[in-house]
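# Prediction below, plus the sequence it came from.
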Amino acid sequence: MNWKDIQVSEDSTHFVFDGKPIFSKVFIEVLKFHSPGIAPVKDETGAFHINVHGNEIYSERYDRTFGFYCNRAAAKKEGNWFHINEGGKILYKNKYDWVGNFQENLCTVRSSHNYFHINLEGRKVYQNEFAYAGDFRDGIACVKLFSGGFMHIDSNGNKLNNKIFKDLGVFHKGFATAKDENGWFHINMKGEELYSNRFSAIEPFYNGFALVSDFDFRKMIINESGEVIHLVN
């Protein structure tokens with residue numbers, strides 16, 4: 001049995017494989033298994049992690065635990081958030097109001113209502129703080145400025161370009177979704193628009209084409225030049 005094939009039950013209290021429970025233990029809550037075959041669970045004693053046999057992998061207990069990313073899992077105890085290793089030990093001294101999951105060895109956190117990114121040792125990787133900061137993908141993250149605008153930053157906290165938008169998405173194969181005062185569209189790595197059209201809603205490009213909605217709520221497919229090539233409804 002591969003841990004990747006283990007599923008969470010419909011009521012999120014146990015694990016199943018081929019529609020059958022894989023062990024007799026039932027929990028208050030479970031989340032799905034993550035590499036290397038570890039799952040977050042919660043019972044009457046608190047939150048912790050188990051292996052594919054249903055056995056705890058450490059004795060510590062937390063208020064909440066989440067999946068492992070970059071060999072680190074987010075955990076919460078007594079109002080403080082941090083990351084733990086597979087032995088259940090807290091990995092650094094800093095405590096935060098909230099932490100995300102590590103992506104590309106960096107993680108977004110919140111402290112005193114401000115967002116920024118930390119490294120694997122739990123330290124800030126740049127001096128700036130933001131109203132919001134998302135996960136890194138291919139070395140780039142979306143952040144919201146305290147002025148209200150959005151921009152992209154690199155892994156050192158530097159501006160990717162000098163463009164600020166009303167809203168932004170992450171880059172996918174060189175393009176990102178962006179919003180200005182007229183609506184949504186796609187941009188390149190320089191922050192330049194790919195076309196002049198604007199839409200009420202938009203998705204990233206999928207193999208050269210994207211699903212969008214116009215301001216009459218019609219869904220359509222556009223190409224990377226913004227040309228409508230197919231009406232969905």
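Alright, I've got the coordinates. Residues are numbered from 1 along each chain as shown.
# Report the spatially nearest residue to D167, omitting neighbours in sequence.
Distances taken as Cβ to Cβ, 6 or more residues apart in numbering put K179 closest to D167, at 3.9 Å, once the chain neighbours are dropped. Bear in mind the C-beta positions are built from the backbone N, C-alpha and C, glycine included.
# How about residues contacting the strand or helix carrying the one you found?
Per DSSP states H and E: K179 is located in strand 176-180. For strand 176-180, contacts defined as Cβ atoms under 8 Å, 6 or more residues apart in numbering pick out 152, 163, 165-170, 184-187, 191, 193, 198, 202-204.
# Domains in the protein, by residue range?
Each domain of the chain is listed here as a residue range: 1-91, 102-160, 174-233, per automatic domain parsing.
# Export those domains as JSON lines, with columns for mean pLDDT.
Supplementary listing: the domains of the chain in JSON lines, determined by pLDDT from 0 to 100:
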{"stretch": "domain 1-91", "mean pLDDT": "96"}
{"stretch": "domain 102-160", "mean pLDDT": "97"}
{"stretch": "domain 174-233", "mean pLDDT": "96"}
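# As CSV, these with mean neighbour count would be great.
As requested, the domains of the chain are exported to CSV (neighbours: other Cβ atoms under 10 Å):
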stretch, mean neighbour count
domain 1-91, 16
domain 102-160, 17
domain 174-233, 15
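# The strand holding K179: how far from the chain's middle?
Centroid displacement of strand 176-180 relative to its chain, using Cα atoms, centre = their mean, to the nearest Å, is 19 Å.
# Against L31, how distant is the closest residue in space to T45 that isn't next to it in sequence?
Spatially, and ignoring its direct neighbours in sequence, T45 is nearest to R61 (5.4 Å; Cβ to Cβ, 6+ apart). Between R61 and L31 the distance, using Cβ to Cβ, to the nearest Å, works out to 16 Å.
# on that earlier part again, C-alpha coordinates for the strand holding K179, PDB please?
Extracted in PDB, the C-alpha atoms of strand 176-180 (Å, rounded to 0.1, in the frame of the first residue of the first chain):
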ATOM      1  CA  ALA A 176       0.300  35.900 -14.400                       C
ATOM      2  CA  THR A 177      -3.200  37.200 -13.900                       C
ATOM      3  CA  ALA A 178      -3.500  40.900 -13.000                       C
ATOM      4  CA  LYS A 179      -6.300  43.400 -12.300                       C
ATOM      5  CA  ASP A 180      -6.400  47.200 -12.900                       C
END
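# After that strand, which helix or strand is next?
Remark: after strand 176-180, the chain's next helix or strand is strand 183-187, criterion DSSP H and E.
# Contact partners for the closest residue to N85 other than its chain neighbours?
When the adjacent residues along the chain are set aside, N85 lies closest to L91, with 5.7 Å between them (Cβ to Cβ, 6+ apart). L91 sits next to 72, 82-85, 120-122 when contact means Cβ under 8 Å, 6+ apart.
# tell me the two of those residues that are most distant?
Largest separation among these by Cβ to Cβ: I84 and E121, giving 13.9 Å.
# circling back to that earlier point, okay, and the beta partners of the residue nearest to D167?
Applying DSSP bridges to K179 yields these beta-bridge partners: D167, W184.
# again with H172
Residues found in beta-bridge contact with H172 (criterion: DSSP bridges) are F175.
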